[in-house]
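Asker: What would the 3D arrangement of this be:
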Amino acid sequence: MSVNIEGGVKTVVLPYKPQDYQLEIHRDNHRYRVVIMGRRAGKTELALNELITKSGMKPGLYWYISSSYKQSKAIAWRRLKKLLRDDPAWKYNEIELAAKNEELDVVIELKGADNPFSLLGVGLAGLVMDECAILKEDVWTEVLRPMLMDQSGWVLVISTPKGKNWLYDLYMKGATGVEEEWKSWKHPTSINKYIKSQELEDIKKDMSERLYRQEILAEFLEKDIGVFKGIQKCSIGEEKAPEDGRFYVLGADLAKHEDFTVLTVMDAQRREVVCIERFKDISWKEIKDKIQYLANKYNDAMVLLDSTGVGDPILDDLQMSNISVDGYKFTNDSKYKLIQQLIVAIEQRLITFPNDDILIKELEDFTYEISANNNIIYNAPDGRHDDCVISLALAVWACRSFIHSAQVIERREDEEEAVDRQGHGIEIDTDDSDTMSVIPSNGRY
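Answerer: Coordinates of the predicted model:
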């Protein structure tokens, strides 16, 4: 930003050179604008500059709102102050995330939608809703939309799509031209000239086809996509007692806080889950005893457990017992590798597991975030569990040399039993010289 005062007139120039697609949106005068873009396409930069520019035209209160206060602070607060830094008229409240300009009689505030009814009580001259796809519809209909009435305030909705939910309905209002006050745009990530084509090619390799279409191509898909595709086709197995001569592995996810400890046993050669045990509120000694008992029961199964934090001393204790056990330490990078292997195994039907309600629900709920550095971070949604998912992923990792056979496991409609058929599965990234405790060293944060 540069400031020039001449003849009593103050001129402010923002440190922002909009690209053509951004300029088109800035120049548009529709009251309700919906902008659907792929990740890192320049949505937030567009939104903040729109807030600043519009606030210079009309006094009042302007809001930027995302899914949470924490998210708004991380995404937009520092960038907003950077845009305003050369104009001393702006004063900042770091607690309230508010920028105030008394010369213009304007306040720009950053808000979170995690407690929507705490937002009630004010009127807005303008509003930006960021990553609107993950907000609940009633945040818009019951809270924010009425706040625009008394000042005929405008709204700019920016988001990457997430299925054909209520955001899709807003987008269609402007896309069809039926609603005169609405205008919509949709652009893939590649519209941003600062994103190198090689970056897009690289991230495409890390994503399923549907995820790439949603997150990068900005397509509204028929159904909101989860991380795992093909869950039902893999859930054709059943729990089985150990068989002589079979080689088993055991994935152990240890309880933290309110979580569950989950033990998943797989027949490594058949690539099928044969036992799932899930429990909580028991002592560490009881957990160790259960792991040792189950490993011994299944032909001295090889155990791979989460050795992060509290798991480290448990690993040490188990290694002094009579079972084969190794640890897997979790970082953003190692978790990414672990989940990627499970994604491939499920999507290509390389494994089977019982139709266990809790496991299926966790697989369906499991989600992801994409960081500012274009890195994928996998996790369970807030308030939900992923213990069964992680336990399964550890078991799959432990038998990954058998997964390399890349056979597709599927059930023919006219057959009672599952059958193996040679498939087209891709090789899973590993090093034959590694033991099963190998932790990836390069990747995602």
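Asker: Show me the strands in the stretch 101-250 of the chain, by range?
Answerer: Ranges of strands within the stretch 101-250 of the chain are 106-112, 126-130, 154-159, 182-187, 248-253, based on DSSP state E, counting those that start in this stretch.
Asker: Can you give the contact residues for the longest one?
Answerer: Around strand 106-112, the neighbours that count as contacts under C-beta atoms under 8 Å, 6 or more residues apart in numbering are 51-52, 55-56, 59-73, 76-77, 80, 96-101, 119. Placement of C-beta: from N, CA and C, glycine included.
Asker: returning to what we had before: tell me which of the strands of the stretch 101-250 of the chain sits most buried.
Answerer: Among those, strand 248-253 has the highest mean neighbour count (mean count of other C-beta atoms under 10 Å), at a mean of 28.
Asker: That strand - which strands sit beside it in the sheet, and in what orientation?
Answerer: strand 261-267 (antiparallel), strand 302-306 (parallel) (DSSP bridges).
Asker: of all the ones you listed, which lies closest to Glu364?
Answerer: strand 261-267 (16.4 Å; C-beta to C-beta).
Asker: next SSE after the closest one?
Answerer: Next along the chain after strand 261-267, taking DSSP states H and E as the criterion, comes strand 272-279.
Asker: from the chain's centre, how far out does the helix or strand following that following strand sit?
Answerer: Sequence order places helix 284-297 as the next helix or strand after strand 272-279, per DSSP H and E. With C-alpha atoms, centre = their mean, to the nearest Å as the basis, helix 284-297 stands 34 Å off its chain's centre.
Asker: Would you mark the buried spots in helix 284-297?
Answerer: Ile287, Lys288, Lys290, Ile291, Gln292, Leu294, Ala295 (16 or more other C-beta atoms under 10 Å).
Asker: Output those as a markdown table; include the columns distance to Gln348 and pLDDT.
Answerer: Output for the buried residues of helix 284-297, formatted as a markdown table (distance: C-beta to C-beta, whole Å; pLDDT from 0 to 100):
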| residue | distance to Gln348 | pLDDT |
| --- | --- | --- |
| Ile287 | 33 | 90 |
| Lys288 | 35 | 90 |
| Lys290 | 32 | 93 |
| Ile291 | 30 | 94 |
| Gln292 | 33 | 93 |
| Leu294 | 28 | 95 |
| Ala295 | 28 | 94 |
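Asker: how about those in a markdown table, adding distance to Gln232?
Answerer: Formatted as a markdown table, those follow (distance: C-beta to C-beta, whole Å):
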| residue | distance to Gln232 |
| --- | --- |
| Ile287 | 31 |
| Lys288 | 35 |
| Lys290 | 30 |
| Ile291 | 30 |
| Gln292 | 34 |
| Leu294 | 27 |
| Ala295 | 30 |
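Asker: what's the most distant pair in those?
Answerer: The widest separation within these (C-beta to C-beta) is 12.6 Å, between Ile287 and Ala295.
Asker: What would stretch 218-230 look like as PDB? C-alpha coordinates only.
Answerer: What follows is stretch 218-230 as a C-alpha-only set of coordinates in PDB (Å, rounded to 0.1, in the frame of the first residue of the first chain):
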ATOM      1  CA  ALA A 218     -13.200 -27.000  -8.700                       C
ATOM      2  CA  GLU A 219     -15.900 -29.400  -9.900                       C
ATOM      3  CA  PHE A 220     -19.100 -29.900  -8.000                       C
ATOM      4  CA  LEU A 221     -19.300 -33.700  -7.800                       C
ATOM      5  CA  GLU A 222     -22.500 -35.600  -7.300                       C
ATOM      6  CA  LYS A 223     -21.600 -36.600  -3.800                       C
ATOM      7  CA  ASP A 224     -19.200 -35.100  -1.300                       C
ATOM      8  CA  ILE A 225     -16.100 -37.300  -1.500                       C
ATOM      9  CA  GLY A 226     -14.300 -38.800   1.400                       C
ATOM     10  CA  VAL A 227     -10.700 -40.000   1.500                       C
ATOM     11  CA  PHE A 228     -11.500 -43.600   0.800                       C
ATOM     12  CA  LYS A 229     -13.200 -44.800  -2.300                       C
ATOM     13  CA  GLY A 230     -14.600 -48.300  -2.700                       C
END
